[in-house]
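Q: My questions are about this predicted structure, shown below with the sequence.
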Amino acid sequence: MQALHIIVLDDNDHMQAIATAILNSVGVKHIRNLSNGQAALDSVQRLPADLIIADFNMRPMDGIHFTRRIRDTAFSPTPFVP
């Protein structure tokens, strides 16, 4: 678990804190908290993630649009990231 790189994508700071606390409690050390889909897309270009936990209801890019973009093999370095 310590080697995993996980993105928590949520525009709610409290939900980010809860998810981060849960991940920390199971030994995850590398967590990127991001509040919008474009920031997450930019982040995976620099450092791919092993897992992305994304909120469904965000603005301007919701979780569905983000997932479609991350699955685009022409754009994403990790189109099959869970």
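A: Sure, I can see it.
Q: Which stretches in the protein count as strands?
A: 5-9, 30-34, 51-54 (DSSP state E).
Q: Point out the most buried one among the ones you listed.
A: strand 5-9 (a mean of 22; mean count of other Cβ atoms under 10 Å). For glycine as for every other residue, the C-beta is placed from the backbone atoms N, C-alpha and C.
Q: strand partners of that one, parallel vs antiparallel please.
A: strand 30-34 (parallel), strand 51-54 (parallel) (DSSP bridges).
Q: distance from the centroid: which residue in the chain tops it?
A: residue 74 (18.9 Å; Cα atoms, centre = their mean).
Q: and the gap between that one and residue 38?
A: 17 Å (Cβ to Cβ, to the nearest Å).
Q: circling back: I'd like the strands of the chain as TSV, with distance to residue 68 and mean pLDDT appended.
A: Shown next, in TSV, are the strands of the chain (distance: least, Cβ to Cβ, whole Å; pLDDT from 0 to 100):
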stretch	distance to residue 68	mean pLDDT
strand 5-9	14	98
strand 30-34	17	98
strand 51-54	11	98
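Q: could I get those as TSV with distance to residue 44?
A: Converted to TSV, these look like this (distance: least, Cβ to Cβ, whole Å):
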stretch	distance to residue 44
strand 5-9	7
strand 30-34	9
strand 51-54	8
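Q: The residue farthest from the centre of the chain and residue 57: what is the separation?
A: For residue 74 relative to residue 57 (Cβ to Cβ), the value is 27 Å.
Q: need the contact list for residue 30.
A: 3, 4, 5, 6 (Cβ atoms under 8 Å, 6 or more residues apart in numbering).
Q: where's it relative to residue 61, distance?
A: From residue 30 to residue 61 the distance is 23 Å (Cβ to Cβ).
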